[in-house]
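> just a sequence and a predicted model for now, questions to come.
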Protein chains: 2
Amino acid sequence: MTHQFKGLADADVFSELIRLAQKPYDLTGAGALLADGRLARYVCRSELWRLHYGTERIDDLVLTSLQELADELRLVEQFKMMRRGAVMNRIEGFASENRQVLHTASRDIFDTSPVEPQASREARREIEKLKLFLSDLETGQLVNKHGQPFDTMVHIGIGGSDLGPRSIFEALKAYGISGRKVRFIANVDPDDASQILSEVNLATTLVSIVSKSGTTLETLTNEQHARQALERAGLDPACHCIAVTGEKSPMDNPDKYLRSFYMFDYIGGRYSSTSMVGAVMLGFYMGFPRVMEYLQGAGMVDREAEETDARKNIPLLLALLGIWNHNFLGHPTLAVLPYSQGLHRFPAHLQQCDMESNGKSIDRKGATVVTKTGPIIWGEPGTNGQHAFYQLLHQGTEIVPVEFIGFSHSQYGMDAVVSGSTSQQKLLANLFAQMVAMAVGQSSDNSNKYFPGNRPSCLLIADRLTPKVMGALLALYEAKIAFQGFAWNINSFDQEGVQLGKALATDFLKAMTDSSAKFDSLEKVFLNQLVDVS
Amino acid sequence: MTHQFKGLADADVFSELIRLAQKPYDLTGAGALLADGRLARYVCRSELWRLHYGTERIDDLVLTSLQELADELRLVEQFKMMRRGAVMNRIEGFASENRQVLHTASRDIFDTSPVEPQASREARREIEKLKLFLSDLETGQLVNKHGQPFDTMVHIGIGGSDLGPRSIFEALKAYGISGRKVRFIANVDPDDASQILSEVNLATTLVSIVSKSGTTLETLTNEQHARQALERAGLDPACHCIAVTGEKSPMDNPDKYLRSFYMFDYIGGRYSSTSMVGAVMLGFYMGFPRVMEYLQGAGMVDREAEETDARKNIPLLLALLGIWNHNFLGHPTLAVLPYSQGLHRFPAHLQQCDMESNGKSIDRKGATVVTKTGPIIWGEPGTNGQHAFYQLLHQGTEIVPVEFIGFSHSQYGMDAVVSGSTSQQKLLANLFAQMVAMAVGQSSDNSNKYFPGNRPSCLLIADRLTPKVMGALLALYEAKIAFQGFAWNINSFDQEGVQLGKALATDFLKAMTDSSAKFDSLEKVFLNQLVDVS
């Protein structure tokens, strides 16, 4: 099914874009930012988010060619196929996962006629189980053996079962049910579990273990750490543990878990934050109605992403601007810089979601790609970053395109006027100033005060970081990543690149455990056993 | 003084290195990792750390040329000059900070004859003040108005006054005095202060405000948030606030602060983690003896870094390998991947320290540099990253050199055997496996299972992450960054690139506060006021 599509370099408009990239729009010229009302024209509006892109190095000609690219590569058509259950996770002619890609179904649960009814039905079934679970906690049906309510959840997962949920929890910390706490364990480093487990009151703690296959090494190991800690505290793990896993996985076992919630093989880990992977923990923390708002926000964006006019479709436009910066202007990385403390871990989630999806070198027919695929994604929140790595953004020898994220209002609404302005005003003033500084630059007689400018950026802005807005932001990036994968004609939904390390780790582990008598340090094993594994 | 030095492209050996880079060592060949005993030979040992670099794309010829480069550019000589008080923070012929660079003096306090006596004397004086402060807390001399001991410190700073201290606190969390807690506020986003201040018991909290100039916008704003919160709680801020600031700065005021500790203009923010900027908070958390161990570890590395043989000098060798990967093999980024949960924020600190130091485009005479300077630094802890962005590291179109960091033993020493091995063994097995997988790759009939290999990495390994080992790691990277800056002949110690954004932010802020009647959203101000600022 995917063989019918072509990739970036095969598009007729490819050479035109290369030509246009020889002389990209100069943002540093006098009045360049204001010419043709570009700042007002280059805004894309959706129900919850707006994208300002007048500070990118583009003009109407580039936009027209990018639209042609989107049309020619049938990006929106592929997105529609994906949402409707096409088997998009495959490599033609080679053994591959051969799966549908239906994370969108996990939030297509509000409409009476969802676009892929079967998956939405399954999503609804899990949502009903979640609703019951949360209501049982609320009404005191579900309590510990002393009849006390559970006030803490320890979420154990890694990668897709960790970064997304964790970053969204951080973003929505302001919306918790009073007294409820959530902690996370991911790393197989035993210090991670040791620290977290020593900090919670285990008697009133639920441990939610998240692994689709039920076989993830790190997660099973940390589950054991948690079970042993519960036992040491005189508690029965079966009365404290919850499973989020695939139906019939080794973890799908009512004898060992209080409740089980299901994951489906058509939802990849890094796209699972709106499935039970994220929803169980978020539901525990902020209650059922707010989880539903979060899912609603994501669902809204999925529908909006089916718009074919790139100038009216934020994720499509973001994808195209990204391709312009990466493939045509040649910038190898992308910084995502949220001016919001709540989003401090969101770039880490995007780093995962984007780089694991699009860090590929073969196309959907198994041929080596001829263009660059996914860039390196990184970032930290502003204004903190301004006092850290922005020096390089302004005056370094590597040009880094930036996606800024901001909000008109703070979450807590608590603020103070210092030197005549609020913190929220200072925050946004800094954000806008950075966009202008990067674009326009500054000339100076002192070469140390010279700023070359022409460093492209754009801004995603919404009114306030609420559960609904967060769901929308997540879905917006998921759609952007899918659009870029389609444009590169790669399979964005598998992760074969993680397998080799896994296999070699097993070899090393065997060497270490076999040889404990022979070697006094693991490092020596490294040196001595390389013979066998390399 | 700095005019006597030349940069990378002016070195006689530059063209030889370019020639060698045409055919870098092939790590994928059969037995390539084992040839000539390279894994055993390519290890650099210091008292606390070992660097394994056999998985870099180098051979003896490259190493010899890199050594020539170091000699020709007089890298160690410059490091020695720096430690002994030379004015290294300057641009010749242009207005610049014109300062000494003496962060190393803050840990040169153990020797009877420190290399720069004046700065070490000043460091010792502050250490004595810290010792007294900590002892007053210990003995109950310093308590709140109800006579209760202080159990929490809120550390307010940003950039250099935040990321370093915060990442080291996270790394040494296992070593806290029982009951002591530390929280951080940095962002001008009011949600940051709101959240942290709502989570602590203000009555038993000390607020440490850190700003060298005493004028940092974010820090002063957050100080006001904290003071207002203390007042609302019926507490006297002057009895809860501590200042870490320059002598005679606006913050050096005994009427407003319980204690003041001094910073010096010869220590840049991003290099200040071993000055009072880090030491006050770390001392509060883990006590005086452990802070001293931390400083001792850093001091040891400073002395070791004066070794001229690159193969015996870890920071110098790291710097040269980095230049090889960046300038000669052409890789624009560097990932720092600690296999240690404690170091989860250390890459963010390095991102700051490295990119703010070496993200420059002019040399020390004000001329535009002709080679690339500092790379983009990023990273997250393993094994977490393996389930996130490693897909791109193994199979993406961008090649990312990696510096792995690991430890033979965990911090807490709590572990569990699951499936026949401990978590610590699993952690290290994964680390070693990644190095080999990246280097060697894998051929396959299924192009999706093909790994090109030849992705360079190295490993810094120590026995356990203790305060001393942490101090050493910090100093090791500080020295590496300095060596690279010397090699590029840039001033690594100023940050003019942050000034333009600051100035424009002031303009935007003025527009926002002036125009509150005219505009109903800050975003509109952005669009409307650009005329004035661009």
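Arrived safely, thanks for sending.

> which parts of stretch A:138-154 are buried?
Buried residues in stretch A:138-154, counted by 16 or more other CB atoms under 10 Å in any protein chain shown: A:142, A:144, A:150-154. No exception for glycine: its C-beta is placed from N, CA and C like everyone else's.

> check stretch A:325-342 too.
A:325-329, A:331-342.

> repeat for stretch A:287-294
Neighbour-count burial for stretch A:287-294 flags A:287-288, A:290-294 (criterion: 16+ other CB under 10 Å).

> how far does that stretch sit from the chain's center?
19 Å (CA atoms, centre = their mean, to the nearest Å).

> thinking again about what came up before, restrict the buried residues of stretch A:325-342 to contacts with chain B.
A:332-333, A:339-342 (CB under 8 Å from any CB of the partner chain).

> out of those residues, who's nearest residue A:205?
Taking CB to CB as the measure, residue A:205 sits nearest to residue A:342 out of those, at 24.3 Å.

> tally of neighbours for the closest residue to residue A:83 other than its chain neighbours?
Nearest residue to residue A:83 in three dimensions, chain neighbours excluded: residue A:104, at 4.8 Å (CB to CB, 6 or more residues apart in numbering or on different chains). Residue A:104 has 31 neighbouring residues, counting by other CB atoms under 10 Å in any protein chain shown.

> show me what whichever strand or helix holds residue A:38 packs onto, helices and strands only.
For residue A:38, the host element (DSSP states H and E) is helix A:38-41. In terms of contacts (3 or more CB pairs under 8 Å, 6 or more residues apart in numbering or on different chains; DSSP states H and E), helix A:38-41 is packed against helix B:522-533.

> could you list which of the buried residues of stretch A:325-342 belong to strands?
A:333-338 (DSSP state E).

> export the buried residues of stretch A:287-294 as JSON lines, with columns for pLDDT, distance to residue A:469 and secondary structure.
Shown next, in JSON lines, are those (pLDDT from 0 to 100; distance: CB to CB, whole Å; DSSP: H, G, I helix; E, B strand; the rest coil):
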{"residue": "A:287", "pLDDT": "98", "distance to residue A:469": "17", "secondary structure": "coil"}
{"residue": "A:288", "pLDDT": "98", "distance to residue A:469": "18", "secondary structure": "helix"}
{"residue": "A:290", "pLDDT": "98", "distance to residue A:469": "12", "secondary structure": "helix"}
{"residue": "A:291", "pLDDT": "98", "distance to residue A:469": "14", "secondary structure": "helix"}
{"residue": "A:292", "pLDDT": "98", "distance to residue A:469": "14", "secondary structure": "helix"}
{"residue": "A:293", "pLDDT": "98", "distance to residue A:469": "9", "secondary structure": "helix"}
{"residue": "A:294", "pLDDT": "98", "distance to residue A:469": "9", "secondary structure": "helix"}
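
> mind listing the helices for the stretch 401-534 of chain A?
Assigned by DSSP state H, counting those that start in this stretch, the stretch 401-534 of chain A shows helices spanning A:423-440, A:467-488, A:499-514, A:522-533.

> adding mean neighbour count, write those helices out as TSV.
Below are the helices of the stretch 401-534 of chain A laid out as TSV (neighbours: other CB atoms under 10 Å in any protein chain shown):
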stretch	mean neighbour count
helix A:423-440	26
helix A:467-488	26
helix A:499-514	20
helix A:522-533	19
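
> picking that back up, for the buried residues of stretch A:138-154, work out which two are farthest apart.
Among the buried residues of stretch A:138-154, A:142 and A:154 lie farthest apart (CB to CB), at 16.2 Å.

> could you list the buried residues of the helix holding residue A:38?
For helix A:38-41, using 16+ other CB under 10 Å, the buried residues are A:38-39.

> if you average pLDDT over that helix, what comes out?
Mean pLDDT, helix A:38-41: 88.

> do the same with stretch A:325-336
If you average the pLDDT values across stretch A:325-336, you get 98.

> residues in contact with it: which ones?
A:8, A:17-18, A:20-21, A:24, A:56-57, A:322, A:346-347, A:350, A:371-372, A:375-379, A:393, A:398-403, A:405, A:456, B:332-333, B:376, B:398 (CB atoms under 8 Å, 6 or more residues apart in numbering or on different chains).

> residue A:462 and chain B, how far apart?
Taking CB to the nearest CB, to the nearest Å as the measure, residue A:462 and chain B are separated by 10 Å.

> and that residue, how many neighbours?
23.

> who's it bridged to?
On the basis of DSSP bridges, residue A:462 is bridged to residue A:407.

> so residue A:218 makes contact with residue A:187?
Yes. Residue A:218 lies in contact with residue A:187 (CB atoms under 8 Å); the separation is 6.9 Å.

> what touches both of these two?
Joint contacts of residue A:218 and residue A:187 (CB under 8 Å, 6+ apart) are A:158, B:383.

> once you drop chain neighbours, what's closest to whatever residue of the stretch 151-300 of chain A ends up closest to chain B?
Among the residues of the stretch 151-300 of chain A, residue A:159 lies closest to chain B, at 2.3 Å counting by CB to the nearest CB. Of all residues not flanking residue A:159 in the chain, residue B:387 sits nearest, at 2.3 Å (CB to CB, 6+ apart).
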